[in-house]
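Asker: I'd like to go over a predicted model; first the sequence, then the structure.
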Protein chains: 2
Amino acid sequence: MPRQAPTRGVRGSRTGRPIMALLDLLGRRWTLRILWELRDQALTSRALRSACDEASPTILQTRLTELREAGFVELTDDGYRLTGLGRELFQTFAPLHRFAERWTRREG
Amino acid sequence: MPRQAPTRGVRGSRTGRPIMALLDLLGRRWTLRILWELRDQALTSRALRSACDEASPTILQTRLTELREAGFVELTDDGYRLTGLGRELFQTFAPLHRFAERWTRREG
DNA sequence: CGTGTTGCTACATTAAATGTAGCAAGGACA
DNA sequence: TGTCCTTGCTACATTTAATGTAGCAACACG
């Protein structure tokens, strides 16, 4: 099946439903991690790379571009940081932190 | 099938912090989508595939195995469905739905 | 028996991510 | 001015992950 959807960034969904576009974006490698690392501080591209276990700059740059286009991240004099919208997004899954703790405890 | 090891799926993080393991798992392709599609119904493997835009059975099977090992999904007589833990996880990012609507409105 | 499910796998192809290197632009400083 | 940093960002060859298509074995109906 050919690669459809000229509406950019909605890989894995031809419906165009917002939630699908969002799940698709968040489901790309490093996206969640980047949002997480920027949750309460601005980071330069290299500081972000360090925070992300020295992930490849290629893919970090790709994800940062996507996140900037989506309006979640912006580049300032202090480096990359979440926009107001990005902070809202982060808050919607911030409870994951506590859940993750309980989850790991559960399985030893 | 050499599914990944005891230290569950902590690709992209050497810290072992629970949140990193969770972000890593959720950041794999189709993971969020699967949890989303199972949010309020059990689905057979093929129904799930249809719900996921006919994604490759190979990768769906891989993700389902990971999600079962993580304790978020189980296979019953009715097909795949979220466990109690899986429902808890889903609820932590359920607000994404409303956010996605606002997000698209903003940029569309 | 044939027909139709189910969960799941093989495998060749294609797309995405990784790792390493390095560029151009800008600031500090000597 | 020139050297030395650091910044955001890119090239590119390699490796890994995902896709698409086909099909298996097990089970349930008729």
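Answerer: Received, thanks. Residues are numbered from 1 along each chain as shown, chains lettered A, B, ... in the order given.

Asker: gap between the residue most central in space within chain A and DNA strand D?
Answerer: In chain A, the centroid-proximal residue (Cα atoms, centre = their mean) is A:Thr31; its distance is 2.8 Å. The spacing between A:Thr31 and DNA strand D, counted by Cβ to the nearest atom of the strand, to the nearest Å, is 13 Å. The C-beta positions use only the backbone N, C-alpha and C, and glycine is treated the same way.

Asker: Next: A:Val73.
Answerer: 10 Å.

Asker: For that residue, give the beta-bridge partners.
Answerer: A:Leu82 (DSSP bridges).

Asker: Would you mind measuring from it to chain B?
Answerer: 13 Å (Cβ to the nearest Cβ, to the nearest Å).

Asker: Now for the residue in chain A that DNA strand D sits nearest to: which residues touch it?
Answerer: With Cβ to the nearest atom of the strand, the shortest gap between chain A and DNA strand D falls at A:Ser45, namely 3.0 Å. Applying Cβ atoms under 8 Å, 6 or more residues apart in numbering or on different chains to A:Ser45 gives the contacts A:Pro57, A:Leu60, A:Gln61, A:Leu64, A:Gly79, A:Tyr80.

Asker: Narrow these to those in strands?
Answerer: Cross-referencing these against strands under DSSP state E gives A:Gly79, A:Tyr80.

Asker: who wins for neighbours among the contacts of A:Ser45?
Answerer: A:Tyr80 (23 neighbours; other Cβ atoms under 10 Å in any protein chain shown).

Asker: measure it to DNA strand C for me?
Answerer: Applying Cβ to the nearest atom of the strand to A:Tyr80 and DNA strand C gives a distance of 16 Å.

Asker: before we move on, what about A:Gly27?
Answerer: Taking Cβ to the nearest atom of the strand, one finds A:Gly27 at 9 Å from DNA strand C.

Asker: For that residue, give me its contacts.
Answerer: Contacts of A:Gly27 by Cβ under 8 Å, 6+ apart are A:Gly12, B:Leu26, B:Gly27, B:Arg28, B:Arg29, B:Trp30, B:Thr31, B:Leu32, B:Arg33.

Asker: I'd like to know the phi and psi angles of it, please.
Answerer: Backbone dihedrals for A:Gly27, given as degrees, to the nearest 10, come out at phi -90, psi 0.

Asker: Please apply the same query to the one 5 residues further on.
Answerer: Backbone dihedrals for A:Leu32, given as degrees, to the nearest 10, come out at phi -60, psi -40.
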